[in-house]
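Undergrad: Here is the input, now give the coordinates:
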Amino acid sequence: MARSSGYVVSIDQGTTSSRAIVFDHRGRPVGSEQIEHEQIFPRPGWVEHDAQEIWRNIRRVTASAMASVEVKPHDIMACGITNQRETTLVWDRGTGVPVYNAIVWQDTRTADLCERLAGDAGPDRYRDRTGLPLSTYFAGPKLVWLLENVDGVRQRAEAGDLCFGTMDSWLAWNMTGGPNGGLHVTDVTNASRTMLMDLRTLAWDPEICADFGIPMSMLPEIRSSSEVYGSLRAQGSLPGVPLAGILGDQQAATFGQACLAPGQAKNTYGTGNFLLLNTGTEPVFSEHGLLTTVCYQIGGAPACYALEGSIAVTGSLIQWLRDNIGLISSAAEVEGLAASVDDNGGAYIVPAFSGLFAPRWRPDARGVIVGLTRFINRGHLARAALEASAYQTREVIEAMEADSGVKLTALKVDGGMVVNDLLMQFQADQLGVPVIRPVVNETTALGAAYAAGLAVGYWESVDDIHANWAKDKQWDPQMPEDERTRLYTEWNRAVEHSLELA
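TA: Residues are numbered from 1 along each chain as shown. Below is the predicted model:
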């Protein structure tokens, strides 16, 4: 029997901030805390995080979230982790000190390295095993860069002194003891983003590791997304609480949105946009530029897979307008500014700051603003920035429909940008289908909570997840078909101007 008393804590370690959220049995957040961390840009195209700052922030937000609802550790049934994927870290097994900053998923320093690894076979050299093209996006090439460019790292790695991990591994290791017996683990969803795991066997691929020159002793143990990995350390905010769920952030959002049957899809509007379509227990390999990834695995059950369209820059474009250009003073201002004009005035922003991800995969692309005239004002640029998210999402959905043979009938959405009514209406207009927002928008953290709670019997089955999901708001398409087509055609022309600039 499921135990409905008590709570589950979810640790959500994101690209720009870290959060802890306490969820009740109905899947509702009852307490939370969030802290941003520094974005480090050493050179153009390089993006780093201080992993020790993030670990300090995790401890602070966990303690604050617990205090905000006055719950005690014995009230917490389980803890789950969800994390920014692909962001890569190597640390010392004995001291817990990273050898270098975490290299963030947006970082493009491995472009030449990826070309070298591709060789004559091209970027799809490992796609049949990993579901991924060789791209700066993924963790494996970032690890190669660290081995080849940071003094002493290769020697220490070959001696067995170093651990590699994505941010889930770093947190799990620290939260379960660090140098004093910390667990070096990851889950199948995060492992599937490294380019080092075979999608079918769910094990590290020795041949790829050999090709990359990666000592396999560095790699964490691959576990399912929902099982008891171990207990949290005694000196933390959750002493003795089972760590029982790990999901990469986009897979966690899919889980939290209850997209648990083949054909169900969600789109998360965050730093970037990530659209996942559940394809069931057999991996589906894309012919239209999408990624094949593990969606989740519950305990010893077969893994479920997904097709994913990853868009590098959506919400971070709004941050750029705020922090780099000064067009707005807060992200919340963008909707009102965009609504001050009737349309984009002919202006398009293609935010290819990290190249273009799915479905184009063009690392040579760079950001451009197209269609500037004296008529264009701040409102038009704000509107163009919001519309860029909707156009890129349409591109991914059209690729997904072509791969799956299934026409989208509605789109479930979540993430920070879905409070923006103007964007959501424009998204519905561009797709020609309803866009639906759930009551609980924090679906990423919720998905990790569900994975952890299922493992300890707090929730009995995925039926509880379906029962908890509820619609908050729906936007229906209103735009005439000819206008929809005209805008999208002009967007595609704008994208052509962003190519071959790097």
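Undergrad: that's a helix at Leu243, yeah?
TA: No - the assignment for Leu243 is strand, going by DSSP: H, G, I helix; E, B strand; the rest coil, so no helix is present there.
Undergrad: From Val69, how far out is it?
TA: Leu243 sits 20 Å away from Val69 when distances are taken as CB to CB, to the nearest Å. In this view, the C-beta of every residue, glycine as well, is placed from N, C-alpha and C.
Undergrad: Compare these two and say which is more crowded by neighbours.
TA: Applying other CB atoms under 10 Å to Leu243 and Val69 shows that Leu243 carries more neighbours, namely 26 against 14.
Undergrad: Find the nearest non-adjacent residue to the more buried one, please.
TA: Ranked by CB to CB, 6 or more residues apart in numbering and with sequence neighbours excluded, the top spatial neighbour of Leu243 is Tyr229, at 4.9 Å.
Undergrad: Confirm that that neighbour sits in a strand.
TA: Yes - checked against three-state DSSP, Tyr229 lies within a strand.
Undergrad: now this protein, which segments are flagged as low pLDDT?
TA: For the chain, the stretches flagged by pLDDT under 70 are 1-4.
Undergrad: circling back: what residues are up against the residue nearest to Leu243?
TA: By CB atoms under 8 Å, 6 or more residues apart in numbering, the contact list for Tyr229 reads 172, 176, 183, 185, 223, 242-244, 246.
Undergrad: Give the closest residue to His380 in space, chain neighbours not counted.
TA: His380 sits nearest to Gly345 (CB to CB, 6+ apart), 4.0 Å away.
Undergrad: Just to check, the one you found is in contact with Arg374?
TA: No - between Gly345 and Arg374 there is no contact under CB atoms under 8 Å: 10.5 Å.
Undergrad: okay, these two: which has more neighbours?
TA: Gly345 (17 against 5).
Undergrad: dump the residue contacts of that one.
TA: Counting by CB under 8 Å, 6+ apart, Gly345 has contacts 371, 373, 375-377, 380, 383.
Undergrad: So Val8 belongs to a strand, correct?
TA: Yes - according to three-state DSSP, Val8 belongs to a strand.
Undergrad: Specify the beta-bridge partners of it.
TA: Counting by DSSP bridges, Val8 forms beta bridges with Phe23, Ala78.
Undergrad: surely it meets Gly447?
TA: No - taking contacts as CB under 8 Å, Val8 lies outside contact range of Gly447: 11.4 Å.
Undergrad: who has more neighbours, those two?
TA: More neighbours surround Gly447 than the other of Val8 and Gly447, with 34 against 30 (other CB under 10 Å).
Undergrad: separation between that one and Cys259?
TA: 10 Å.
Undergrad: dump the residue contacts of the closest residue to Met197 other than its chain neighbours.
TA: Residue nearest to Met197 in three dimensions, not counting chain neighbours: Ala191, with 4.3 Å by CB to CB, 6+ apart. Neighbouring residues of Ala191 by CB under 8 Å, 6+ apart: 197, 202, 204, 220, 222, 294.
Undergrad: isn't the fourth one right up against His184?
TA: Yes - judged on CB under 8 Å, Pro220 makes contact with His184 at a distance of 4.7 Å.
Undergrad: Mind listing the shared neighbours of these two?
TA: Common neighbours of Pro220 and His184 (CB under 8 Å, 6+ apart) are 163, 165, 169.
Undergrad: Could you pick out the longest helix of this protein?
TA: The longest helix of the chain (DSSP state H) is helix 378-404.
Undergrad: tell me which residues in it are buried?
TA: If you call a residue buried by 16 or more other CB atoms under 10 Å, then helix 378-404 has these buried ones: 379-400, 403-404.
Undergrad: residue ranges of the helices in the stretch 301-450 of the chain, please?
TA: 315-320, 333-338, 378-404, 421-431, 443-455 (DSSP state H, counting those that start in this stretch).
Undergrad: What helices and strands are in contact with the fourth one?
TA: In this case it means helix 421-431. helix 333-338, helix 378-404, strand 411-414, strand 435-438, strand 471-475, helix 481-497 (3 or more CB pairs under 8 Å, 6 or more residues apart in numbering; DSSP states H and E).
Undergrad: and that helix with helix 378-404, angle?
TA: 40 degrees (axes from the mean of the first three to the mean of the last three CA atoms, to 10 degrees).
Undergrad: Run the chain-centre distance for helix 421-431.
TA: 22 Å (CA atoms, centre = their mean, to the nearest Å).
Undergrad: May I have it as PDB, with CA atoms only?
TA: Written as PDB, here are the backbone C-alpha positions of helix 421-431 (Å, rounded to 0.1, in the frame of the first residue of the first chain):
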ATOM      1  CA  ASP A 421       0.100  34.400 -22.400                       C
ATOM      2  CA  LEU A 422       1.200  36.200 -25.500                       C
ATOM      3  CA  LEU A 423       3.900  33.500 -26.200                       C
ATOM      4  CA  MET A 424       1.500  30.600 -25.500                       C
ATOM      5  CA  GLN A 425      -1.200  32.000 -27.800                       C
ATOM      6  CA  PHE A 426       1.400  32.600 -30.500                       C
ATOM      7  CA  GLN A 427       2.600  29.000 -30.000                       C
ATOM      8  CA  ALA A 428      -0.900  27.700 -30.500                       C
ATOM      9  CA  ASP A 429      -1.300  29.800 -33.600                       C
ATOM     10  CA  GLN A 430       1.900  28.600 -35.100                       C
ATOM     11  CA  LEU A 431       1.100  24.900 -34.400                       C
END
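Undergrad: Can you name the residues that contact the residue nearest to Ala265 when sequence neighbours are not counted?
TA: For Ala265, ignoring the flanking residues on the chain, the nearest one in space by CB to CB, 6+ apart is Leu277 at 4.3 Å. The contact partners of Leu277, by CB under 8 Å, 6+ apart, come to 263-265, 306-308, 400, 404, 406.
Undergrad: Kindly recompute the last result at 7 Å.
TA: Listed by CB atoms under 7 Å, 6 or more residues apart in numbering, the contact set of Leu277 reads 265, 306-307, 400, 404.
Undergrad: Does it lie in a helix or a strand, and which?
TA: strand 273-280 (DSSP states H and E).
Undergrad: And the next helix or strand past that strand?
TA: strand 291-296.
Undergrad: hang on, Asp429 packs against Asp476?
TA: No - contact criterion CB atoms under 7 Å: Asp429 and Asp476 do not qualify, at 9.3 Å.
Undergrad: So these two - more neighbours on which side?
TA: Counted by other CB under 10 Å, Asp429 and Asp476 do not tie: Asp429 has more neighbours, with 20 against 12.
Undergrad: Grab the nearest non-local neighbour of that one.
TA: In space, Asp429 is closest to Met479, 3.6 Å off (CB to CB, 6+ apart).
Undergrad: can you give me the strands for the stretch 151-300 of the chain?
TA: For the stretch 151-300 of the chain, the strands defined by DSSP state E, counting those that start in this stretch cover 162-166, 185-187, 197-198, 203-204, 221-223, 226-231, 242-248, 265-269, 273-280, 291-296.
Undergrad: quick one, which of those is nearest to Ile318?
TA: Taking CB to CB, strand 265-269 is the member of those nearest to Ile318, at 10.2 Å.
Undergrad: helices and strands around that closest one, which ones?
TA: helix 249-256, strand 273-280, strand 411-414 (3 or more CB pairs under 7 Å, 6 or more residues apart in numbering; DSSP states H and E).
Undergrad: got the angle for the first one vs helix 443-455?
TA: It stands for helix 249-256. Going by the same axes, to 10 degrees, helix 249-256 makes 70 degrees with helix 443-455.
Undergrad: Summarise which helices and strands helix 249-256 is packed against.
TA: By 3+ CB pairs under 7 Å, 6+ apart, helix 249-256 packs against strand 76-83, strand 265-269, strand 273-280, strand 291-296, helix 443-455.
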